[in-house]
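[1] Show me how the following folds:
(one chain, ligands or ions: 1)
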Amino acid sequence: MKIAIDGTAASGKGTLARRLANSLGYDYLDTGLLYRVVALQALKLGMTSFGDNIKEPTQNETIKRSTIIKLTTIALSLSLPILDSPELRSQKISSLAAAVASLPEIRQALIKKQRNFAHSPPSNSGAVLDGRDIGSVILPKADFKFFIDAKPEIRAKRRFAQLKDTKSNQTQETILKELNERDKTDSTRQFAPLKRLSDAIFIDSSSLNADEVLQIALNYING
Ligand code: C5P
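    Numbers count the residues shown, from 1 in each chain. Take a look at the predicted model:
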């Protein structure tokens, strides 16, 4: 059994994917973490802000090429599972992950790992993957496809509430801006853009809590 969950940033797709995997006894892969790890390495290679060294049109082509080759090697050598950490969740890494994720070389390097996980999950049961291109590219034949979205203001409010307990100094407004920018980058990029597929079950989580979203998804799965 393979379940694909796509959706906008901070829509609750990760929460649904994790809880769905828990309740069904399946394995869960947060594919955004793969792009975040590559972005962290990009930052260590000297890229400091969104677009640096990656999309800058005026940048020297040779430097750009060599950066992409280095990042592709990093992407190819990643091994699962990837441990989540606050460092990978920072705003800088989120923006850089979206820049890195627009490179076809990086996406290609990560496809096989995601498909291997889905086809041979560690527990040999089923797999739940969440991301932006799971239903469209990684698992076009998934048993179930979901697309999760919520109003941007509500997503920003939820993310702000989550970050309140951490040392983050982001405001709800800066979070909203970052989410909107990232959704735009993700849905307008040339390769594997975020899109709502006609065969995906759409859930608007704006007025739903995590339990309600889980219940709706389980109702579809259990028929
Ligand atoms: O899901 P998360 O917000 O952690 O993903 C970070 C970024 O990684 C996204 O904004 C997107 O650019 C990229 N991503 C992607 N395809 C996926 C998962 C994430 O392009 N399957």
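[2] For the rest of this, base every contact and every neighbour count on C-alpha atoms.
    Fine.
[3] tell me the SS of Ser198?
    Classification of Ser198 by DSSP: H, G, I helix; E, B strand; the rest coil places it in coil.
[4] For it, give its distance to the ligand.
    With the distance defined as C-alpha to the nearest ligand atom, to the nearest Å, Ser198 ends up 18 Å from the ligand.
[5] Show the pLDDT at that residue.
    On pLDDT, Ser198 comes in at 98.
[6] same deal with Asp52?
    48.
[7] now do Ala42
    Confidence score, pLDDT, at Ala42: 87.
[8] who's in contact with it?
    By C-alpha atoms under 8 Å, 6 or more residues apart in numbering, the contact list for Ala42 reads Leu71.
[9] Would you double-check that it falls in a helix?
    Yes: counting by three-state DSSP, Ala42 is located in a helix.
[10] Please list the residues of the protein that sit near the ligand.
    By C-alpha under 6 Å from any ligand atom, the residues of the chain that approach the ligand are 9, 31-33, 35, 94, 97-98, 101, 131-134, 182, 186.
[11] what do you get if the cut-off is 8 Å, keeping everything else the same?
    6, 8-10, 14, 30-36, 89, 94-95, 97-102, 107, 130-134, 182-183, 185-186, 192-194 (C-alpha under 8 Å from any ligand atom).
[12] So which residues of this protein form helices?
    13-24, 32-44, 61-77, 91-100, 104-119, 152-163, 172-188, 210-222 (DSSP state H).
[13] In TSV: these, plus distance to Ile138.
    TSV is the format used below for these (distance: least, C-alpha to C-alpha, whole Å):
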stretch	distance to Ile138
helix 13-24	16
helix 32-44	13
helix 61-77	16
helix 91-100	17
helix 104-119	6
helix 152-163	25
helix 172-188	16
helix 210-222	20
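[14] Which of these has the lowest mean pLDDT?
    Between the helices of the chain, the one with the least mean pLDDT is helix 61-77; it has a mean of 86.
[15] Please work out the angle formed by the directions of it and helix 91-100.
    With axes from the mean of the first three to the mean of the last three C-alpha atoms, to 10 degrees applied, the angle from helix 61-77 to helix 91-100 works out at 100 degrees.
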